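> Here is a sequence with its predicted model. Questions after.
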Amino acid sequence: MRICLVGPTYPFRGGIAHYNTVLFRELAKRHETFLVSLRKQYPNWLFPGTTQRDESERPLAVDHHPILTPLGPHTWRAAARHVERLRPDVVVIQWWHPFFAPMTGALARRLRKRGMRVVVLCHNGRAHEASRIDGILTRYAFSAADAFIAHSSGDRDAILEMRPDAKVVVSPHPSYACFRMRDAIDRTAARSTLGLPDRETLLFFGYVREYKGLPLLLEAMAAVREKRDAQLVVVGEFYSGREEAEAIVARHALDDRVLFVDRYVANEEVQGYFECADAVVLPYRSASQSGIVQIAYEFLRPVIATRVGGLPEVIEDGTTGFLCDPSADSIAAGIERFFASERDALEEQIRGYRARFTWDAMVDVIESIAVEPGTTPPADERDARSNTSSTRLASRRETSSAS
């Protein structure tokens, strides 16, 4: 098939750009794949970080066409014309924030009018810190799609709340092997490389935002320290809450137990931080799903997480990690459960469990949803193209089964 992705990629940084890039690579193994990307992302006044650019020495990069700007309607029309010339069988648009709703909705509507099938791949069914206008914007964007892919049942429910007639397929977030860039080293060596004391280590990884619950984890560390010689490494740029976090550390005298790495770490640094950790902690107050879990599983690290959003759908309590309530006491208890567990058994269980989170499965979902009848009646020529694509896909699957 001919598949067109729409969304960010390098030189932009962050999880959505990484995801879209890896998805492009995986789709390109089977199909003729194109990527229409962003020329600009957020305006500076809206972006809380230091830079939107990925400054990694080893970026995740693919061929793409940087056309779109969220606040430039002329670029939406230019992108639509470009996609029309590509004549894809399906267009897959990445969705993660209502700020992009006008661009997403306008682009999807124009492409559907030209008879193209538009699928929205939804990373967040609703904004993490949502306002009333966010709901209005999201409804506008969602009303323009033929179908949706969600990574959790919670996101599916959020989509259906916005658009009850939506066709939604749930498929879990795939794994992230892309951050394994060298041979593995043991925890002691990893800690030495990072200049950390060689003691049991917990990792909080990713942008620090209010919904991620870092204060709960810091309060929990005060209780953990009473029983364990453990440390917490917080790796990620603070978008909010730095003063509150420092105040908690000072109040509980955790200066020698908590390290803040307040910056966006380059791709080549990610492996070292996960290798230095015994477990990864997600103390979220709310969540849709998380790519952090999949990075942790790639490095065979158990995940201690709160029972919110889609996290319980990808963490088996006592098998691949430990689930707790979003409170400091419950998180501390979850950490103690981990420390009392059999670490080697957890790693082996993760090794088997992570096999279900493959990019092949995500490509299968896109293939299947691409050949289903759309809600927009296609032109005669596109009917013929769709039938041809369905025949090719069926033939490929029959060949695969026979072999």
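Ah, there it is. Numbers count the residues shown, from 1 in each chain.
> mind listing the strands for the chain?
Ranges of strands in the chain, per DSSP state E, are 2-6, 32-38, 65-68, 90-95, 117-122, 147-150, 168-170, 200-205, 230-235, 258-261, 279-282, 303-306, 321-324.
> Including mean neighbour count, distance to F339 and mean pLDDT, could those go into TSV?
From N, CA and C alone the C-beta is placed, and that goes for glycine too. Converted to TSV, the strands of the chain look like this (neighbours: other C-beta atoms under 10 Å; distance: least, C-beta to C-beta, whole Å; pLDDT from 0 to 100):
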stretch	mean neighbour count	distance to F339	mean pLDDT
strand 2-6	24	42	98
strand 32-38	22	43	98
strand 65-68	20	47	98
strand 90-95	25	38	98
strand 117-122	26	36	97
strand 147-150	24	34	97
strand 168-170	18	33	96
strand 200-205	22	7	98
strand 230-235	22	7	98
strand 258-261	18	17	97
strand 279-282	26	9	98
strand 303-306	26	10	98
strand 321-324	24	10	98
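> for those, which one sits closest to G272?
Among these, strand 230-235 comes nearest to G272, with 9.9 Å by C-beta to C-beta.
> and the strands of the chain as a markdown table, adding distance to R139?
Conversion of these to a markdown table gives the following (distance: least, C-beta to C-beta, whole Å):
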| stretch | distance to R139 |
| --- | --- |
| strand 2-6 | 19 |
| strand 32-38 | 23 |
| strand 65-68 | 21 |
| strand 90-95 | 13 |
| strand 117-122 | 13 |
| strand 147-150 | 13 |
| strand 168-170 | 15 |
| strand 200-205 | 33 |
| strand 230-235 | 36 |
| strand 258-261 | 38 |
| strand 279-282 | 29 |
| strand 303-306 | 29 |
| strand 321-324 | 32 |
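> right, so of these, which gets closest to Q289?
So among the strands of the chain, strand 147-150 is nearest, using C-beta to C-beta, at 8.5 Å.
> then that closest one to PDB, C-alphas only?
Provided in PDB are the C-alpha atoms of strand 147-150 (Å, rounded to 0.1, in the frame of the first residue of the first chain):
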ATOM      1  CA  ALA A 147     -11.200   5.900  12.200                       C
ATOM      2  CA  PHE A 148      -9.000   6.000  15.200                       C
ATOM      3  CA  ILE A 149      -6.200   4.000  16.800                       C
ATOM      4  CA  ALA A 150      -5.900   4.300  20.600                       C
END
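> Could you please name the strands it pairs with and the direction of each pair?
strand 117-122 (parallel), strand 168-170 (parallel) (DSSP bridges).
> how about those in a markdown table, adding distance to F47?
Formatted as a markdown table, these follow (distance: least, C-beta to C-beta, whole Å):
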| stretch | distance to F47 |
| --- | --- |
| strand 117-122 | 22 |
| strand 168-170 | 30 |
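> wait, which of these is closest to Q271?
strand 117-122 (26.3 Å).
> residues in contact with the closest one?
89-96, 104, 108, 111-112, 141-142, 144-151, 155, 159, 366, 369-370, 374, 376, 378, 386 (C-beta atoms under 8 Å, 6 or more residues apart in numbering).
> Tell me which of the strands paired with strand 147-150 sits nearest to S37.
strand 117-122 (14.4 Å).
> quick check: angle from that closest one to strand 2-6?
40 degrees (axes from the mean of the first three to the mean of the last three C-alpha atoms, to 10 degrees).
> what separates strand 117-122 from the chain centre, distance-wise?
16 Å (C-alpha atoms, centre = their mean, to the nearest Å).
> C-alpha coordinates for it, PDB please?
Provided in PDB are the C-alpha atoms of strand 117-122 (Å, rounded to 0.1, in the frame of the first residue of the first chain):
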ATOM      1  CA  ARG A 117      -9.100   7.500   4.200                       C
ATOM      2  CA  VAL A 118      -7.900   9.400   7.300                       C
ATOM      3  CA  VAL A 119      -7.000   7.600  10.500                       C
ATOM      4  CA  VAL A 120      -6.100   9.500  13.700                       C
ATOM      5  CA  LEU A 121      -3.500   7.800  15.900                       C
ATOM      6  CA  CYS A 122      -4.500   9.100  19.300                       C
END
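> Report the angle between it and strand 90-95.
Going by the same axes, to 10 degrees, strand 117-122 makes 30 degrees with strand 90-95.
> which residue sits closest to L137 in space, ignoring its chain neighbours?
What sits nearest to L137 in space, not counting adjacent residues and going by C-beta to C-beta, 6 or more residues apart in numbering, is A101, at 3.6 Å.
> what's the answer for E26, then?
With C-beta to C-beta, 6+ apart, the residue lying closest to E26 is W359, at 4.0 Å.
> distance of that neighbour from S175?
8 Å (C-beta to C-beta, to the nearest Å).
> got a list of what the nearest residue to R337 once chain neighbours are set aside touches?
Of all residues not flanking R337 in the chain, F322 sits nearest, at 4.9 Å (C-beta to C-beta, 6+ apart). Shown in contact with F322 (C-beta under 8 Å, 6+ apart): 302-305, 315, 334-335, 337-338, 341.
> Among those, name the ones in helices.
Per DSSP state H, helices hold the following members of those: 334-335, 337-338.
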